[in-house]
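Peer 1: Pasting the sequence and the predicted model now:
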Amino acid sequence: MRRLPPIDEAIASTALALMTLIPLVEIALRPLHGKGIANAPLIVQHLGLALAMFGAILAERGGHLTSLGNSFASARNPLLRAVANHFAKGAAAVLCGALAAASWQFVASEIDAGRELAYGVPVWAIQTTLPLGFVALGIRLGSRCARAVVARVLLGLALTAAGFAFALHFDGAQLPLGPFAVALLLALLAGAPIFAVLGGLALALFWSEGQPLASVPLSHYQITVNPSLPALPLFTLAGLVFARSGAAVRLGALFTASFGGGAIGSSIAAALLCSFFTAFTGGSGVTILALGGLLLPLLKDAGLPEKRGISLVTSASALGVLLAPSVPLIMYAIIARVPINTMFLAGVLPALVMVAFLLTVGGYLRRDGIAAGERPKADFAAARKAAWAARWEIVAPVVAIGSLASGLATPTESAALTAAYAILTQAVAHRELDWPLLRRCLADCAQVIGGVMLILGMALGLTNYLVDAGIPDAAVEWVQQALPSKLAFLVALNLFLFVAGALMEIYAAIVVLVPLLLPVALSYGIDPVHFGVIFLAVMEMGFLCPPAGMNIFFASAMFAKPIREVAASVLPALAAIFLGALAISASPWLATWLPTAFG
C-alpha cells in the first residue's frame, strides 16, 4: 500500500496544483464563454495563503526555516549549544503562540464582516489557516526542546499556549519595548527562525504604542493575497521542474558547444548558464545544487584550477536575480508598485553588464594558472544539434515573458502557463518527470515559498509600523541634509545595501528596505525602475557574504570544501559585482531603455 504524504505536504501541494490549474482553465474558458470561474483570481490568491502557511509547516519539518546562520547554536561548547538551541526553539514557539492569538483576532473581525470568497465559501474559512498555521508551527518548534514523545507534545502545547494567552490578555495594552528587544536579540543570536524574530519585533512595536496586534497578521494576509504574488510559487515550480530533470545537462551541452570547451568559452558558458538557471529557479542555492556537479568537471577539463571553477559557479549563481522571471524581481515590482513586465525588461541589460564585470574584473578570463592542452572550440553543427535537444527549455522564457508582454495573460496566468509548460515538456517530450518526482517538486516549492512568505509577511508588519511612524519621511529629510548630491547618495546607497545584503535575507530586505529607501531615491530624481535594478544588483552580493550569504554554505556542501576556503575564493567576484553595481548606478539608461523602447 502506497504511503500517503503528511497532511501539511498534501494541503500545500494541492493548493499549489490548484493555483496552476485554475488560471489555465480561466484562459481556456474566456474565449469560449466570455467569462471563466467566478472570482478565480481571488480563489488563487487565497490558495496562496494556504500554500504559505502549510508550506511553512513543511519547511519547519524539513529544517528549512531561515535563521541567522552562525550563532550560539553552532558554538563549540556542547552545553552552550544545547541551551541556545532550546532557547531559540522555545522562544520561537512562544512567539508563534502570540502570532496565532493576533491572527485569531484578525479572523474574528473578518467573521463579523461576512465577506464571501466564491460559491458560498466565506473568506474567513480560508483565513483560519493563519492562526491554525501559527499554532502548528509553535507546537512543532516547542517540541524540539525535548526528546521523549509525550514531553515533546506537552512542551510544544505549553509554550504555544503561553504565547497565545499572553498576547490575548495584553492585546491593546501598552508594554515597554526594551525587554522585548533584548529577548528577541538573544533569540536571533541563539538561532531562532528569522520570521519569528521579525514577527515578535512587530508585535513589540505595536505593544509599545498600545495598538491592536491584529495589524501584524493583517499585513501577512495582505501580502500573501496580493494579486501578483501567486506568480512567485508558480515560476518557482517551473524552475524546480527544470532543475530536477535533465534540462541542466541539455543546456550545458548547448552552452559548451556554442562557446567552446576552452577555459574562456567554458567560463562564459558557465556564467550565462548559472544566471539563466537562477532566474528560473528563484534561488541561487538551487542552481549550485543543480549545476555544480555538472559544471565544475567541465571547467576543470577546460583547464581552470578547481578553486577558480568553484568560485565561478558560486558567484555566477547569484547573478540571475535581474533576469525574468526572477522571484526577487517580481517581489520588488509588487512592493514598489511597478509593472512586472517593466521590471522584466529593465533587468536584461544590467544583468548582462553584471555577467561581463564578473568575468572580466573577477579574473575568470585570465589565462594564468590554466592547464595547457588542446581544447575543443565552438562548433556550430554541435551547437545546432544541442539547441534542438534543448528546444523545449530554450522556448520557456518566451512562454513566460511573451504571454505577459503580449497581454495574453496576467502575471499569475503567465506563471501558470510556464509551470504547466515545464511539467508537460519534461513529462511528455523528454519523459523525465514522473509522479514521484513531480510530487517532490511540489513539496520542495511549497517549502521554499512557505519559508519566504512567513518572512515577507512578518517583515511587512514591521514595515507598516515604520511607515505609520513616519520613518521614511524622516529618512528623506536626514539623508538630503547628510548627502546633498545625487552621486554621493548613490555611492552611500550601494555601500549600505552591500552591508544589508550580508545581514538580511533578500526577501526580507526587499519588504523592509524598499518602502524606506524608495522615497529617498525619488527625492533625488532617481527612477523607481532604475532604483529597483540598483537594489537587486547590490543584493546579489549578499548571496556571497556570510551570515546571510547562502551560496557560500551551498557551495561548501556541494563541493565538499571548507566554508572559509569557498568564502575566500569569491572575494574577487564580490569586488567585480560591486563595481558592476556602481556602473549600473551611474548609467540609468541601462535600466530604462528597454522598458521605454518596448513599453
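Peer 2: Alright, I've got the coordinates.
Peer 1: Count the neighbours of residue 561 for me.
Peer 2: 16 (other Cβ atoms under 10 Å). C-beta here means a position set from N, CA and C on the backbone, and glycine is covered the same way.
Peer 1: Do I have it right that it meets residue 310?
Peer 2: Yes - in this structure, residue 561 is within contact of residue 310 by Cβ atoms under 8 Å, at 6.5 Å.
Peer 1: any common contacting residues for the two?
Peer 2: When contacts are counted by Cβ atoms under 8 Å, 6 or more residues apart in numbering, residue 561 and residue 310 are jointly contacted by residue 555.
Peer 1: Who are the packing partners of the helix or strand residue 419 falls within?
Peer 2: In the assignment (DSSP states H and E), residue 419 maps to helix 411-424. With contacts defined as 3 or more Cβ pairs under 8 Å, 6 or more residues apart in numbering; DSSP states H and E, helix 411-424 has these neighbours: helix 7-33, helix 231-244, helix 391-397, helix 403-405.
Peer 1: mean confidence score for the last one?
Peer 2: This predicted structure assigns helix 403-405 an average pLDDT of 74.
Peer 1: nearest spatial neighbour of residue 585, skipping sequence neighbours?
Peer 2: With sequence-adjacent residues excluded and distances taken as Cβ to Cβ, 6 or more residues apart in numbering, residue 585 is closest to residue 490, at 4.6 Å.
Peer 1: Run through the residues that contact that neighbour.
Peer 2: 526, 534, 582, 585-586.
Peer 1: Can I get those in JSON lines including pLDDT, neighbour count and distance to residue 339?
Peer 2: Output for these, formatted as JSON lines (pLDDT from 0 to 100; neighbours: other Cβ atoms under 10 Å; distance: Cβ to Cβ, whole Å):
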{"residue": "526", "pLDDT": "92", "neighbour count": "19", "distance to residue 339": "18"}
{"residue": "534", "pLDDT": "94", "neighbour count": "25", "distance to residue 339": "18"}
{"residue": "582", "pLDDT": "91", "neighbour count": "17", "distance to residue 339": "27"}
{"residue": "585", "pLDDT": "92", "neighbour count": "25", "distance to residue 339": "22"}
{"residue": "586", "pLDDT": "91", "neighbour count": "12", "distance to residue 339": "25"}
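Peer 1: which ones among the residues you listed are found in helices?
Peer 2: Residues of the contacts of residue 490 located in helices (DSSP state H): 534, 582, 585-586.
Peer 1: Check those residues against residue 48 and report the nearest one.
Peer 2: Closest approach to residue 48 among these (Cβ to Cβ): residue 534, at 28.8 Å.
Peer 1: My read is that residue 194 contacts residue 506, right?
Peer 2: No - contact criterion Cβ under 8 Å: residue 194 and residue 506 do not qualify, at 11.8 Å.
Peer 1: which of these two has more neighbours?
Peer 2: residue 506 (27 against 23).
Peer 1: can you map out the helices along the stretch 351-500 of the chain?
Peer 2: Remark: helices assigned in the stretch 351-500 of the chain by DSSP state H, counting those that start in this stretch are 380-389, 391-397, 403-405, 411-424, 435-468, 471-482, 486-503.
Peer 1: which phi and psi does residue 148 have?
Peer 2: Dihedral pair for residue 148: phi -70, psi 140, per degrees, to the nearest 10.
Peer 1: can you check the one 3 residues further on too?
Peer 2: Note on residue 151: backbone dihedrals following degrees, to the nearest 10 are phi -60, psi -40.
Peer 1: Count residues in the vicinity of it, would you?
Peer 2: For residue 151, the tally of surrounding residues (other Cβ under 10 Å) stands at 12.
Peer 1: Now do it against residue 135, distance only.
Peer 2: Plainly put, residue 151 is 19 Å away from residue 135 if you go by Cβ to Cβ, to the nearest Å.
Peer 1: now residue 175
Peer 2: Look at residue 175 and residue 135: by Cβ to Cβ, they are 23 Å apart.
Peer 1: now do residue 159
Peer 2: 11 Å.
Peer 1: okay, and the common contacts of the two?
Peer 2: Common neighbours of residue 159 and residue 135 (Cβ under 8 Å, 6+ apart) are residue 97.
Peer 1: Nearest to residue 476 among the helices and strands packed on helix 411-424 would be which one?
Peer 2: Of all the helices and strands packed on helix 411-424, helix 231-244 comes closest under Cβ to Cβ, at 29.8 Å.
Peer 1: Next, the angle helix 7-33 makes with that closest one.
Peer 2: Relative orientation of helix 231-244 and helix 7-33, computed by axes from the mean of the first three to the mean of the last three Cα atoms, to 10 degrees: 110 degrees.
Peer 1: Please report how far residue 449 lies from residue 6.
Peer 2: Applying Cβ to Cβ, the value for residue 449 to residue 6 is 17 Å.
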